[in-house]
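Novice: Sharing a sequence plus its predicted fold:
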Amino acid sequence: MGSSLMPISPRKLRSDLYSYSYGDDSNVPLVISVLTSLIERSMARNERKIGNCKRVLSRDNITRVFDCHETPDMTIQSYLERIFRYTRTGPSVFVIAYIYIDRFCQIYDGFGINSANVHRLLITTIMVASKYVEDMNYRNSYFARVGGLTTDEMNKLELELLFLMGFKLHVNVSVFESYCCHLEREVSVGGGYHIERALRCAEQIKFRHRREGRRDDQIARLML
């Protein structure tokens, strides 16, 4: 992960999107960090709107299906990395998932991504995008375990997303290309700082977890 702390250029991101190599298990697609930056800023905007309007952004009860009762104790970056590592979905799947999220937000303008719904929305759109893009896919039950849900919850969220979007899942080449260009602009116009900061935070969290794990092992050995 240390090499990922280098600045991300638009050219490097494009190369990663179109010719990603699965040879190195530790090589997380760059698009994950870019999406993390975009989603975190969207959440920050929504939280400011909630503070200013003193109301919940998700006005429509039908969109609250993605709200969870207890917010997962995992950053967006870590959650996306977990999904990638256990499903090995390609970078294009994450782009398609982002397109679905954008479409969803356009259809339901009262919906806002927040800490209560972001994890469920991500795992659902990524699973649906994987089915749209990939030839081979894991079962819903597997995606559910990866995302921290039950199989019934995963099945319900998938159906809800499909019906809420009117089954409009097709993404043509020009639309896909336009979103890739948008991600490249995110990197080139001020986004690099946020992305690099997200990567640093993720690295610090991982280092702290490893250190705590070693300390727990030492305590366990002393107690034997």
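Specialist: Cool, got the structure.
Novice: The helix or strand encompassing residue 125 packs against which elements?
Specialist: Assigning secondary structure by DSSP states H and E places residue 125 in helix 118-133. For helix 118-133, the contact count by 3 or more Cβ pairs under 8 Å, 6 or more residues apart in numbering; DSSP states H and E identifies helix 30-53, helix 76-87, helix 91-107, helix 140-147, helix 151-164 as packing neighbours. The way it works is simple: take the backbone N, C-alpha and C, and place the C-beta from them, glycine included.
Novice: would JSON lines of those helices with mean neighbour count and mean pLDDT be doable?
Specialist: Formatted as JSON lines, those follow (neighbours: other Cβ atoms under 10 Å; pLDDT from 0 to 100):
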{"stretch": "helix 30-53", "mean neighbour count": "18", "mean pLDDT": "81"}
{"stretch": "helix 76-87", "mean neighbour count": "19", "mean pLDDT": "94"}
{"stretch": "helix 91-107", "mean neighbour count": "20", "mean pLDDT": "93"}
{"stretch": "helix 140-147", "mean neighbour count": "19", "mean pLDDT": "96"}
{"stretch": "helix 151-164", "mean neighbour count": "16", "mean pLDDT": "96"}
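Novice: nearest to residue 181, of the ones you listed?
Specialist: Closest to residue 181 of the helices and strands packed on helix 118-133 is helix 91-107 (Cβ to Cβ; 11.0 Å).
Novice: now the angle between helix 30-53 and that closest one, please.
Specialist: Angle of helix 91-107 versus helix 30-53, following axes from the mean of the first three to the mean of the last three Cα atoms, to 10 degrees, is 20 degrees.
Novice: re the thing from before, please identify which of the helices and strands packed on helix 118-133 is closest to residue 175.
Specialist: Closest approach to residue 175 among the helices and strands packed on helix 118-133 (Cβ to Cβ): helix 91-107, 6.9 Å.
Novice: Can you give the contact residues for that closest one?
Specialist: Helix 91-107 has contacts (Cβ atoms under 8 Å, 6 or more residues apart in numbering) with 16-17, 20, 29-32, 35, 38, 80, 84, 111-113, 121-122, 125-126, 128-130, 132-134, 161, 164-166, 168-169, 171, 175-176, 179-180, 183.
Novice: Okay, angle between the helix holding residue 125 and helix 151-164 too, please.
Specialist: Between helix 118-133 and helix 151-164, the angle comes out at 70 degrees (the same axes, to 10 degrees).
Novice: Of the contacts of helix 91-107, keep whichever come out buried.
Specialist: 16-17, 29-32, 35, 38, 80, 84, 111-113, 121-122, 125-126, 128-130, 132-133, 161, 164-165, 169, 171, 176, 179-180, 183 (16 or more other Cβ atoms under 10 Å).
Novice: and residue 73, what pLDDT?
Specialist: Residue 73 carries a pLDDT score of 83 in this model.
Novice: Quick one: residues contacting it.
Specialist: Residues near residue 73 by Cβ under 8 Å, 6+ apart: none.
Novice: May I have the helix holding residue 125 as PDB, with CA atoms only?
Specialist: Extracted C-alpha coordinates of helix 118-133, given in PDB (Å, rounded to 0.1, in the frame of the first residue of the first chain):
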ATOM      1  CA  VAL A 118     -23.700   4.700   2.200                       C
ATOM      2  CA  HIS A 119     -22.500   1.100   3.000                       C
ATOM      3  CA  ARG A 120     -25.700  -0.600   1.900                       C
ATOM      4  CA  LEU A 121     -26.000   1.500  -1.200                       C
ATOM      5  CA  LEU A 122     -22.400   0.700  -2.200                       C
ATOM      6  CA  ILE A 123     -22.600  -3.100  -1.700                       C
ATOM      7  CA  THR A 124     -25.900  -3.200  -3.600                       C
ATOM      8  CA  THR A 125     -24.900  -1.100  -6.600                       C
ATOM      9  CA  ILE A 126     -21.500  -2.900  -6.800                       C
ATOM     10  CA  MET A 127     -23.200  -6.300  -6.800                       C
ATOM     11  CA  VAL A 128     -25.700  -5.300  -9.400                       C
ATOM     12  CA  ALA A 129     -23.000  -3.600 -11.500                       C
ATOM     13  CA  SER A 130     -20.900  -6.800 -11.300                       C
ATOM     14  CA  LYS A 131     -23.800  -8.800 -12.700                       C
ATOM     15  CA  TYR A 132     -24.100  -6.300 -15.500                       C
ATOM     16  CA  VAL A 133     -20.400  -6.300 -16.400                       C
END
